[in-house]
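Undergrad: Here is the input, now give the coordinates:
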Amino acid sequence: MDNDHSKIGRLTAVFFLGVLLLTYPILTLFDHSISLFGIPLLFLYLFAVWAGLIGLIVLATRGALRNRQSGTDKGR
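TA: Sure, this is the predicted structure:
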């Protein structure tokens, strides 16, 4: 039960981090005519944030699949 609350807390934090990183004022910091490797800076930023959020979600939920497979996930 305590593990579920900490997992929900971590996922909530990832959600709010994603909202913060994808708000208009932050996006305007990267909206320039600069390109790296031929890709506009804004697109690189969006892709990096997207990949980073997926990685954080994986880290926040890791162990859930292991617990289910081993049968130690109580209440499910």
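
Undergrad: Tell me where the protein has helices.
TA: Assigned by DSSP state H, the helices in the chain fall at 2-21, 24-28, 41-61, 64-70.

Undergrad: For those helices, which has the smallest mean pLDDT value?
TA: Sorting those by mean pLDDT places helix 64-70 lowest, at a mean of 64.

Undergrad: ok, for the residue nearest the centre of the chain, nearest residue in space, not its chain neighbours?
TA: For the chain, the residue nearest the mean C-alpha position is residue 53 (1.8 Å; Cα atoms, centre = their mean). What sits nearest to residue 53 in space, not counting adjacent residues and going by Cβ to Cβ, 6 or more residues apart in numbering, is residue 18, at 4.9 Å. All C-beta spots, glycine's among them, are computed from the backbone N, C-alpha and C.

Undergrad: mind checking how far the one you found is from residue 33?
TA: Distance of residue 18 to residue 33, given as Cβ to Cβ, to the nearest Å: 26 Å.

Undergrad: Quick check on those two: which one has the bigger neighbour count.
TA: More crowded of residue 18 and residue 33, by other Cβ atoms under 10 Å: residue 18, with 16 against 7.

Undergrad: Contacts only, for residue 45.
TA: Counting by Cβ atoms under 8 Å, 6 or more residues apart in numbering, residue 45 touches 27, 30.

Undergrad: can you do 7 Å?
TA: Contact analysis of residue 45 by Cβ atoms under 7 Å, 6 or more residues apart in numbering lists residue 30.

Undergrad: what's the answer for the one 5 residues further on, then?
TA: Residues counted as contacts of residue 50 (Cβ under 7 Å, 6+ apart): none.
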